[in-house]
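Asks: Pasting the sequence and the predicted coordinates here, then a few questions.
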Amino acid sequence: VLFAVKKILTERYSKQVIAMDPTDTIVALATAQGQGALALIRVSGERSATIVQTCIAEKEKFEKAAERIVQLYTFIHPHNTRDVIDRITAIRYRAPRSYTSENMVEILCHGGDITPERILESLVDAGARYAGRGEFTKRAFLNGKTSLTKAEAVNRIIASTTAIQQQHALGHYLGGGEALVLIWDKEVRELLADIENAIEFSAEADEDRNKTAERIETRVEKLKTGIMQELKKRRYLKEVEHGIDVAIVGPVNAGKSSLFNLIMGYERSIVDTEEGTTRDFISEQRKIDGIKVRFIDTAGIRNASKCVEKKGIEKSREFIKKSRIVLWVSAANEQTTEEEKLLQTTEQQKVVGIINKIDLAHSTEKQELFCNKKIPYLEISAIKREEKERVELFIRNCIYDIYNRIEYDCVIGNKRQEKIIEEILKEVEAIKRSVNSEEIAAEHCKNIIGKIEEFTGKITTEEILNKIFDEFCIGK
Ligand SMILES: Nc1nc2c(ncn2[C@@H]2O[C@H](COP(=O)(O)OP(=O)(O)OP(=O)(O)O)[C@@H](O)[C@H]2O)c(=O)[nH]1
Ligand SMILES: [Mg+2]
């Protein structure tokens, strides 16, 4: 399947109009700037080898060098040839067997602030120009070497801050991104054929018409489910990317701050016998299995009279509303509150229970409360340090419960792609609403086909491309 997809893509992108000057040769540092053992400098464009050669002492050796073979050279200034800048290794690539599909040279020199900079300057003096952001990958795309989503994946691999993100981006880079979208494309075209048939044979017997209408409905429903599934995966992936909030909430004095401190491993939050100790929220971030988790200790919920405490409680309620996970802390020796009776898990939010202070009392009432609501709970004594491991395991399981059930092979890799998929979903819904007018339904199908072309990059404008590649770093 991958091979077939690759073939389609190659044919598709090779049709792109190339709006570039091939003699324009670009140069940039591909490795990070600053101190480092080595630095990699990339040169791309028709005159790459000619330009590099003027900066190499062993001219004949470089000219005869086989492609993709590493050789050692002396790098000199192109005009002041006695000025030796570095001992380097260089690799030659001949079009189209290179990253950009153009002639290329890769130079490995000593790292640091000075050497790579001097080499770059020499290459510019010899006729190259500094590359813009993402210009190498942009050229690869315009030359039909890579698809748009693959090019975008390159940037995402580099920008990853978690292993899940990196794996997802790599999947797209290896060609997994567009496969499903191309299947949707095929399905929409079949759907359009069905709809156009229905228009043409509108005088058919009712029975046949019903059959066609049923088939159209099934196809639309299937498409819609598939797209919604991908948007959901995207939402989860974004959460993994940006991190999630875990709010520690519950009645006053239940031991929320004690639990927060237990998780942090030090006395971060003030703990006191007085009710209403915590007034403002306190938050700290931890990484759990690659996911950034922000724990938030909040003000205990009660009918407060003092203004400051009231404000704190308002904040607590906000966190209850918007956190991904709510750790509801309830003391075993206290009665169930009205608020606790209303607790419930939703699609957007997981609620879990912590029955605290079990060294003071045993509460079947609280156990039943959580059991009846199918809310998982843990019984602890937050003042005991040895409970830390159990608490962490419990929280880890809650996170697993949310994120392990989803697959990460989502077709949507970034904001641009997400926006297009959302627009496609709207079009699909519009088809559903146009049951009585096949002409309108056909229009919406055509819109979807257009949006898919936008997604894969079959249709692009200079403006869109610039926007995409401006997010890249220089040298990529
Ligand atoms: N015996 C016992 N006492 C506890 C336990 N957890 C907390 N406490 C005590 O309960 C009191 C309140 O604890 P906090 O952690 O401040 O409770 P809180 O929920 O943050 O309280 P507020 O911020 O006032 O809403 C303190 O005196 C703690 O030492 C526990 O597991 N067992
Ligand atoms: Mg507190």
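Replies: Looks like it arrived, so ask away. Please read all numbers here as calculations on a predicted model, not as lab measurements. Ligands and ions are numbered 1, 2, ... in the order given.
Asks: report the longest helix in the protein, please.
Replies: Counting by DSSP state H, the longest helix found in the chain is helix 206-242.
Asks: now it, how far from the chain's geometric center?
Replies: 22 Å (C-alpha atoms, centre = their mean, to the nearest Å).
Asks: Which secondary structure elements does that helix sit against?
Replies: Judged by 3 or more C-beta pairs under 8 Å, 6 or more residues apart in numbering; DSSP states H and E, helix 206-242 is in contact with helix 163-173, helix 179-200, helix 388-403, helix 415-433. In this view, the C-beta of every residue, glycine as well, is placed from N, C-alpha and C.
Asks: So for the shortest one, what gets flagged as buried?
Replies: Spelled out, it's helix 163-173. Neighbour counts using 16 or more other C-beta atoms under 10 Å place 164-166, 168-169, 171-173 of helix 163-173 among the buried residues.
Asks: that older thread, show the subsequent helix or strand relative to the longest helix of the chain.
Replies: Counting by DSSP states H and E, the next helix or strand C-terminal to helix 206-242 is strand 244-249.
Asks: got the angle between that next one and helix 206-242?
Replies: Computed with axes from the mean of the first three to the mean of the last three C-alpha atoms, to 10 degrees, the direction of strand 244-249 lies at 80 degrees from that of helix 206-242.
Asks: Check the offset of strand 244-249 from the chain's centre.
Replies: A distance of 22 Å separates the centroid of the chain from that of strand 244-249, by C-alpha atoms, centre = their mean.
Asks: Check which element follows that strand along the chain.
Replies: By DSSP H and E, the next helix or strand past strand 244-249 is helix 256-264.
Asks: anything in that following helix near ligand 1?
Replies: Yes - on the criterion C-beta under 6 Å from any ligand atom, helix 256-264 is in touch with ligand 1 at 256-258.
Asks: ok, now stretch 274-284?
Replies: Yes - judged by C-beta under 6 Å from any ligand atom, stretch 274-284 and ligand 1 are in contact via 275-278.
Asks: ok, and of the residues you listed, which contact ligand 2?
Replies: 277-278 (C-beta under 5 Å from the ion).
Asks: now, which of the residues of stretch 274-284 next to ligand 1 sits nearest ligand 2?
Replies: Checking the residues of stretch 274-284 next to ligand 1 against ligand 2 with C-beta to the ion, the nearest one is Thr278 at 3.0 Å.
Asks: Need the phi and psi values for the closest one.
Replies: phi -80, psi 130 (degrees, to the nearest 10).
Asks: residues near it, how many?
Replies: By other C-beta atoms under 10 Å, 23 other residues sit near Thr278.
Asks: Show me which residues of this protein are close to ligand 1?
Replies: Within reach of ligand 1 by C-beta under 6 Å from any ligand atom, the chain has these residues: 252-258, 271-273, 275-278, 300, 356-357, 359-360, 381-383.
Asks: and the helices and strands packed on helix 206-242 as TSV, adding mean pLDDT?
Replies: Below are those laid out as TSV (pLDDT from 0 to 100):
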stretch	mean pLDDT
helix 163-173	88
helix 179-200	91
helix 388-403	91
helix 415-433	95
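Asks: I'd like those helices as CSV, with distance to Gly312 appended.
Replies: CSV is the format used below for the helices and strands packed on helix 206-242 (distance: least, C-beta to C-beta, whole Å):
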stretch, distance to Gly312
helix 163-173, 35
helix 179-200, 47
helix 388-403, 24
helix 415-433, 35
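Asks: Which residue comes closest to Gln335 once chain neighbours are left out?
Replies: Once flanking residues are discounted, Gln335 sits nearest to Glu365: 7.7 Å by C-beta to C-beta, 6 or more residues apart in numbering.
Asks: From Glu309, how far off is that neighbour?
Replies: According to C-beta to C-beta, to the nearest Å, Glu365 and Glu309 sit 27 Å apart.
Asks: In PyMOL, select just the buried ones from the residues of the chain next to ligand 1.
Replies: Those of those that count as buried under 16+ other C-beta under 10 Å are selected in PyMOL with:
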select buried, resi 252+253+254+255+256+257+258+271+276+277+278+300+356+357+381+382
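Asks: how about the helices in the stretch 51-200 of the chain?
Replies: For the stretch 51-200 of the chain, helices defined by DSSP state H, counting those that start in this stretch occupy the ranges 59-64, 115-125, 135-142, 148-159, 163-173, 179-200.
Asks: actually the stretch 301-450 of the chain, not the one I wrote
Replies: Using DSSP H, counting those that start in this stretch, helices in the stretch 301-450 of the chain cover 307-322, 338-341, 364-372, 388-403, 415-433, 438-456.
Asks: low-confidence ranges in the stretch 301-450 of the chain?
Replies: Applying pLDDT under 70 to the stretch 301-450 of the chain flags residues 405-408.
Asks: Same check on the stretch 101-250 of the chain?
Replies: If you take pLDDT under 70 as the line, the stretch 101-250 of the chain has these spans: 203-205.
Asks: So which bits of it are right by ligand 2?
Replies: Contact residues, the stretch 101-250 of the chain versus ligand 2 (C-beta under 5 Å from the ion): none.
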